[in-house]
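Undergrad: Prediction below, plus the sequence it came from.
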Amino acid sequence: MRLLLALAVTALLATTAAAQDLKVTVAGRDTVTLSPKDLAALPRAKATITVKGAAVTYEGARLDAVLAQAGVVHGERLMGRYLNQVVIARAADGFFSVLSLAETDPVYRANPVVVADTVNGHRLDDREGPYRLVVDGDLRPSRAPRQLVSIEVKPAF
């Protein structure tokens with residue numbers, strides 16, 4: 001009986017974690033909240049990083065597409081004063097990573113940056129998910145915050 005109750009609680013918590021929204025804030029604009037359904041509808045990509053000496057492949061919405069939903073300039077229009085912006089990805093535990101806006105756009109970067117919801121073909125577990133930012137090709141996961149809860153775009157200085 002206790003085992004069944006524990007399994008039910010675990011399933012409920014996993015469902016709750018998988019249904020989390022992602023907040024995207026752009027300096028000088030309103031915050032956009034993207035639901036799991038919104039993220040699933042965006043263009044997807046795969047990103048591979050090395051974790052503890054092994055290559056791990058994540059898949060999810062491309063970060064440039066996520067930022068475009070919040071009105072961030074991207075693609076061929078990303079030049080001049082817009083290149084002065086940074087993207088701050090924040091995790092539930094307070095960890096954050098910073099990328100230049102150019103690092104998130106396929107016009108400037110061959111390897112994708114993704115808001116991952118799967119790893120090696122499976123949904124992210126509670127320790128990593130429901131989302132993880134992953135920069136394809138990074139040799140260490142230092143710019144890959146787990147349990148991603150928000151993304152902020154603002155001028156660097």
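TA: Received it, and whenever you're ready, just let me know what you need.
Undergrad: from here on, contacts and neighbour counts on C-alpha atoms
TA: Fine.
Undergrad: What does the closest residue to residue 31 other than its chain neighbours show for phi and psi?
TA: Distances taken as CA to CA, 6 or more residues apart in numbering put residue 25 closest to residue 31, at 4.4 Å, once the chain neighbours are dropped. Taking degrees, to the nearest 10, you get phi -120, psi 130 for the backbone angles of residue 25.
Undergrad: Please verify my assumption that residue 25 contacts residue 67.
TA: No: using CA atoms under 8 Å, residue 25 is not in contact with residue 67, being 9.1 Å away.
Undergrad: who touches the most centrally placed residue in the chain in this structure?
TA: Per CA atoms, centre = their mean, the C-alpha nearest to the average position across the chain is that of residue 115, at 2.7 Å. Residue 115 sits next to 59-63, 131-134 when contact means CA atoms under 8 Å, 6 or more residues apart in numbering.
Undergrad: got a list of what the residue nearest to residue 31 touches?
TA: 31-32, 70, 150-153.
Undergrad: Show me the beta-bridge partners of it.
TA: residue 31, residue 152 (DSSP bridges).
Undergrad: what stretches of this protein score poorly on pLDDT?
TA: Within the chain, the set of residues satisfying pLDDT under 70 comprises 1-19.
Undergrad: just the strands in it please.
TA: 22-26, 31-34, 44-51, 54-62, 85-91, 96-100, 113-119, 122-123, 132-135, 148-155 (DSSP state E).
Undergrad: Could you report the separation of residue 43 from residue 116?
TA: Distance, residue 43 to residue 116, by CA to CA, to the nearest Å: 12 Å.
Undergrad: so who does the residue nearest to residue 134 when sequence neighbours are not counted touch?
TA: The spatial neighbour of residue 134 that comes closest, neighbours along the chain excluded (CA to CA, 6+ apart), is residue 144 at 4.8 Å. If you count contacts by CA under 8 Å, 6+ apart, residue 144 has them with 97, 132-135.
Undergrad: residues near the residue nearest to residue 98 when sequence neighbours are not counted, how many?
TA: Once flanking residues are discounted, residue 98 sits nearest to residue 88: 4.6 Å by CA to CA, 6+ apart. Neighbour count of residue 88, defined by other CA atoms under 10 Å: 19.
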